[in-house]
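J.: take a look and give me a structure for this.
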Amino acid sequence: MRFATGMVLIDAPHSALNMLGIDESLADRNVTRVKTFKRGGKRYPYVSPQAWRYWWRSTLKKHFNWELSPLYREQKQVFTAANPLRYPDDDIFGYMRAFKKGGVNVTVTRVSPLKNTPLISVLPDRNSLTVDEGYASRHEGDPVPYSQEFYSTVFKGAFSLDLDAVGRFTIISKAGFKNLLTRDNLPKKRNKNNEEIFQEVEEMERIASEIGAQVGEKEWLMPSEIRKKRASEAIKALRLLSGGAKQTQYHTDITPKFVLLLNVEAGINPFISDIVFEDKGEIRFDAEALSKRLKDIKDVIPEGAKLYIGYDEGFVKSFGWGINEIAQKLKESGVDVFVGTVKEAIDEFVEEVEAYYG
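T.: All right, here's what the predicted structure looks like:
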């Protein structure tokens, strides 16, 4: 059991990365809201988890040439090809297809090995959100007023990649664990109504044979080199992340400016709770709290594993963070600490991840 966990901070100095849409409660219907949620007495902007995953998936296609699983629509459902042998995003991001076709139940589901939080603003809306008042005036006639919200904040998000689940496909009649259709699911007679289903099973059998996958009764396992490649590229993509709404007007670089990365032998993430927080309008990093947390879970941190800190110097300087002091405090947990740029930290962490696959 091994999980590659991490936390990212994304600088959004003048941004509107994920919009809620037009505020229908207003008579003029000309105000575009950003997404926010309430916690305690404060409201925080956020980027939905599915938006982050969309950026992530698109980055893997652009920079790592991943062939993304095509989308289909049937019976009011949108689903992917559900073929994780052919499409690496089906493997890493999971899928659900639940209906009958040609009289055959073709339901398959896969719990995503990659889990991520929403990207949550460290600053509440009162310290980060404003409204831009504008007028559309390029047409003939009176200008049309409109308003749109945007923010200046830092988003924090966390993720966990289940390294054992990458390239491992179970065939168990349980939600999330029946990953593939097999010959046991096929009807006895082949006809034009179920031809596609036969072809789907045959294609996966063919790919499994070509790549040398281990095909068992309850589980198919891809070769280590393919699993290693998919897991490492999924993490490397973080450095090149691109996407987000309103880029034409609020151009924002969404690559992480600060990362924490750690392998853990349990399905936990030590970075989710508030180690980065707001204090009187300033963004703070609580190294002591994280150090104590790491010490508390030391028994599930693999021997030799390091905590990787990657940072952009200009970003941390703007908050007055002392990286050396942070690293020194974190070393008190008993965990080795690597400090470098975001690229250096990700590259070093990926080497540790790849070593897990042998």
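
J.: okay, CA-based contacts and neighbour counts for the rest of this
T.: OK.

J.: where exactly do the strands run in the stretch 101-250 of the chain?
T.: All strands of the stretch 101-250 of the chain, identified by DSSP state E, counting those that start in this stretch, fall at 104-105, 108-110, 114-116, 119-121, 129-136, 144-162, 168-170, 214-215, 219-221.

J.: which intervals of the stretch 151-300 of the chain have sub-threshold pLDDT?
T.: The stretch 151-300 of the chain contains no residues with pLDDT under 70.

J.: run through the helices of it in chain order.
T.: Counting by DSSP state H, counting those that start in this stretch, the stretch 151-300 of the chain has helices at residues 195-211, 224-236, 287-296.

J.: nearest to Glu354 among those would be which one?
T.: Of all those, the one in closest proximity to Glu354, counting by C-alpha to C-alpha, is helix 224-236 (5.5 Å).

J.: and the closest one, what does it pack against?
T.: Applying 3 or more C-alpha pairs under 8 Å, 6 or more residues apart in numbering; DSSP states H and E, one finds that helix 224-236 makes contact with helix 49-64, helix 88-93, helix 342-356.

J.: can you name the residues in contact with that helix?
T.: With contact meaning C-alpha atoms under 8 Å, 6 or more residues apart in numbering, helix 224-236 is reached by 60, 64, 88, 92, 161, 163, 166-167, 346-347, 350, 353-354, 357-358.

J.: check stretch 79-90 too.
T.: 57, 66-73, 91, 95-97, 108-109, 167, 179-180, 204, 207-208, 222, 230.

J.: 6 Å - rerun?
T.: Residues outside stretch 79-90 that contact it (C-alpha atoms under 6 Å, 6 or more residues apart in numbering): 68-72, 91, 97.

J.: ChimeraX command to pick out the buried ones of the residues you listed?
T.: Applied in ChimeraX, the following selects the buried portion of the contacts of stretch 79-90 according to 16 or more other C-alpha atoms under 10 Å:
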select :68,69,91,97
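
J.: tell me which of the contacts of stretch 79-90 fall in helices.
T.: When DSSP state H defines the helices, the subset of these inside them is Asp91.

J.: from the contacts of stretch 79-90, pick the one nearest Gly141.
T.: Of all those, Gly141 sits closest to Leu71, with 42.9 Å by C-alpha to C-alpha.

J.: per-residue pLDDT, the spatially closest residue to the closest one that is not a sequence neighbour?
T.: Setting aside the residues directly before and after it, Leu71 is nearest to Thr80 in space (C-alpha to C-alpha, 6 or more residues apart in numbering), at 4.5 Å. Turning to Thr80, the model gives it a pLDDT of 95.

J.: what's the spacing between Thr80 and Gly157?
T.: Between Thr80 and Gly157 the distance, using C-alpha to C-alpha, to the nearest Å, works out to 26 Å.

J.: neighbour count: these two, which is higher?
T.: Using other C-alpha atoms under 10 Å, the more surrounded residue of Thr80 and Gly157 is Gly157, with 24 against 19.
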